[in-house]
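> When you get a sec, could you give me coordinates for this:
(one chain, ligands or ions: 1)
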Amino acid sequence: MNTVDPRASRFVHAGASPRIGVSFEFFPPKTAEMEETLWEAINRLAPLKPKFVSVTYGAGGSTRERTHATVKRILAETMLVPAAHLTCVGATCTEVDAVIHGYREAGVRHIVALRGDPLGGLGEPYAPHPGGYRHAADLVAGIKRIADIEVSVSAYPERHPDSPTVEADIDMLKAKVDAGASRAITQFFFENDLYFRYLDRVRARGIEVPIVPGILPVQNIKQTKSFAARCGTSVPDWLAERFDGLDHDPMTRKLIAAAVAAEQVIDLVDRGVTDFHFYTMNRADLVYAICHLLGLRPGLPVEEEEAGQSNPKPGPGAGALPLSTGEREKKVQGNV
Ligand code: FAD
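Have a look, this model is predicted:
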């Protein structure tokens, strides 16, 4: 009987079902020292055989060049599947299309398509470039016109700050999926109920692609609060309280961070989630530990369905859809 055990996470171990799939996000380094840190992280996490590793994209030419260079180095020096982030910001369609062509020629087969933040920074009003893609759905369509590249997009369990309502946000998600996106990765969140409530609304709209939870292991609560405030993510009091009094105690902060993230992913596994996207902040240690807890071990053979990569279909195990509340309840009761 295919049931989700109420403590499914206790039975997650190498090779077992549910099979956990992970992906890791990195940002392009600015200095030689940051480059070294990034590659230490990549080399540490690579043996866990993530489905893909994504590299963020910033505004401004030099940042963009760093993204291209990082993606190309991943292709050249590792067996990993890179997913290049791409935004609509500050560029014409022709310029963005040239980047897509360049990626395709370099062998990139996965793009994370985003509108991007305003050039003036988060919180400023967004104005599309007059000759550019207007928003992420427009960009997804542009990518798909150029190449049969896998496209992932963003999703916001707590609503994007530019969006008047959650429904309007879900309209945008639907437009992105209709344009060809085959996966959404969520903004980070700390209350799993918010994710499941959002998932219910997304599924009710007939959106069937995987909505992969984005997990941010928190190390610096002050920075996290400030970033969360700008991107519309709530930081619950209980989370802030867990880091109380630890400003000068990085070692304990790290242990707490691991415990908090472990608690979050274990609850998600117990509730039927099998895929996770980790915001690594270019550091491997916490993410590696959480993946270990999830049963991932270096060097396990890649399952056939994972090896293809190009177009993951929702289904059991890798790439499986997180369940809606109704489905979850039925499965737990053994009715499905
Ligand atoms: P969209 O999905 O296009 O829109 C998000 C919401 O904003 C929708 O509800 C939509 O209705 C509303 N909206 C969109 N355009 C307008 C408009 N013109 N007026 C009013 N409302 C509008 N940013 C980067 O710069 N680089 C990255 O690499 C990057 N990676 C990310 C990865 C993930 C997984 C996530 C979740 C976010 C990432 N971001 C990145 C941040 C993202 O660019 C911002 O959140 C941005 O503000 C919205 O981009 P989007 O693709 O999510 O927007």
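> switch to C-alpha atoms for all contacts and neighbour counts from now on
OK.
> neighbours around residue 157, how many?
Residue 157 has 27 neighbours, counted by other CA atoms under 10 Å.
> Correct me if wrong: it contacts residue 200.
No - applying CA atoms under 8 Å, one finds residue 157 not in contact with residue 200, separated by 10.5 Å.
> what residues does the chain put near the ligand?
Contact residues, the chain versus the ligand (CA under 6 Å from any ligand atom): 56-58, 85, 114-117, 126-127, 135-136, 154-155, 160, 162-163, 168-169, 172, 185-187.
> And those residues, which of them are buried?
Buried by 16 or more other CA atoms under 10 Å: 56-58, 85, 114-117, 126, 135-136, 154-155, 160, 169, 172, 185-187, out of those.
> Among the residues of the chain next to the ligand, which are located in helices?
136, 168, 169, 172 (DSSP state H).
> can you name the two of these that are farthest apart?
Maximum pairwise distance in those, criterion CA to CA, is 14.0 Å, between 136 and 168.
> Which phi and psi values does residue 111 adopt?
For residue 111, the backbone dihedrals (degrees, to the nearest 10) come out as phi -130, psi 140.
> Can you get me a residue count around it?
When neighbours are defined as other CA under 10 Å, residue 111 has 24 of them.
> if I look at it, how far off is residue 180?
12 Å (CA to CA, to the nearest Å).
> shared neighbours of these two, anything?
Common contact partners of residue 111 and residue 180 (CA atoms under 8 Å, 6 or more residues apart in numbering): residue 151.
> Which strands and helices lie in contact with the one helix or strand residue 255 maps to?
Secondary structure assignment for residue 255, by DSSP states H and E: helix 250-270. Helix 250-270 sits against helix 192-204, helix 285-293, with contacts defined as 3 or more CA pairs under 8 Å, 6 or more residues apart in numbering; DSSP states H and E.
> What sits closest to residue 104 if chain neighbours are left out?
Excluding the flanking residues, the one nearest residue 104 by CA to CA, 6 or more residues apart in numbering is residue 147, at 7.4 Å.
> In terms of pLDDT, where does that neighbour sit?
Among the per-residue scores, residue 147 holds a pLDDT of 93.
> Tell me, how many residues neighbour it?
Neighbour count for residue 147, taken as other CA under 10 Å: 12.
> ok, which stretches of the chain are strands?
Remark: strands assigned in the chain by DSSP state E are 21-26, 52-55, 82-87, 110-114, 150-155, 183-186, 211-212, 214-215, 275-279.
> Can you list the strands that the last one pairs with?
Here the strand partners of strand 275-279, with direction, are listed using DSSP bridges: strand 21-26 (parallel), strand 214-215 (parallel).
> Using PDB, write down the CA coordinates of the longest one.
It stands for strand 21-26. C-alpha atoms of strand 21-26 as PDB (Å, rounded to 0.1, in the frame of the first residue of the first chain):
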ATOM      1  CA  GLY A  21      15.800  14.700  -4.500                       C
ATOM      2  CA  VAL A  22      17.800  17.800  -3.900                       C
ATOM      3  CA  SER A  23      19.100  20.800  -5.700                       C
ATOM      4  CA  PHE A  24      21.500  23.500  -4.600                       C
ATOM      5  CA  GLU A  25      21.600  27.200  -5.300                       C
ATOM      6  CA  PHE A  26      24.900  29.200  -5.400                       C
END
